[in-house]
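Asks: can you look at this prediction? I've put the sequence above it.
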Amino acid sequence: MTFTLLLLRHAETEPKQPGQSDFDRELLPKGINQSMRLGEYLAKLNIKPDQIVSSPAHRAKKTCSLVIKPLGIVENEVQFDKLIYSADIEELLDIIRNTEDKYNTLMMVGHNPTISSLANYLVFDFKVGLNTCDLVWIELETPDWSSIDQHCGSLKTFIQNSSLQ
């Protein structure tokens, strides 16, 4: 069976301000535009994940909300998992492996360096660091979500937000 995994790094964020929690950093206007452009592009491709899991950090949550809006998905359909904020690759894999098999397309919204490392782990010979609001579309040939492992995916496309001007 083929499953689709969309790995998305959050959009461009303001620098951390004195006394501000990293978790609460806001998107810059550029980040808002990045997110809206990506959502519009995914809508043109008719991409609509049937399961979305995101870091609840403000920048990831806002990126997710803006990207899914043109897809006709509302934020209350998104699962927010605190673990994604500080997760390592194995913890992200656990989240993915616990996805119900009734979902064919999973989108995960997270943070660097882990979201890039996960893409590199799943796709052989993909050694790219994701910039803000970049998305990696991975096709997984596996009997179920719980069976995903290193290099089990193939790169369908790499959407670099900088090319969506």
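Replies: Sure thing, it's come through.

Asks: pull out the buried positions in the top helix by length along the chain.
Replies: Secondary structure of the chain per DSSP state H: the longest helix is helix 29-44. Buried residues in helix 29-44, counted by 16 or more other C-beta atoms under 10 Å: 31-39, 41-43. For the C-beta atoms, the positions are set from N, CA and C on the backbone; glycine is no exception.

Asks: what would those look like in JSON lines with distance to residue 98 and pLDDT?
Replies: Below are the buried residues of helix 29-44 laid out as JSON lines (distance: C-beta to C-beta, whole Å; pLDDT from 0 to 100):
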{"residue": "31", "distance to residue 98": "29", "pLDDT": "97"}
{"residue": "32", "distance to residue 98": "31", "pLDDT": "97"}
{"residue": "33", "distance to residue 98": "34", "pLDDT": "97"}
{"residue": "34", "distance to residue 98": "29", "pLDDT": "97"}
{"residue": "35", "distance to residue 98": "26", "pLDDT": "98"}
{"residue": "36", "distance to residue 98": "31", "pLDDT": "97"}
{"residue": "37", "distance to residue 98": "31", "pLDDT": "97"}
{"residue": "38", "distance to residue 98": "26", "pLDDT": "98"}
{"residue": "39", "distance to residue 98": "26", "pLDDT": "98"}
{"residue": "41", "distance to residue 98": "29", "pLDDT": "97"}
{"residue": "42", "distance to residue 98": "24", "pLDDT": "97"}
{"residue": "43", "distance to residue 98": "28", "pLDDT": "97"}
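
Asks: residues near residue 143, how many?
Replies: By the criterion of other C-beta atoms under 10 Å, residue 143 has 9 neighbours.
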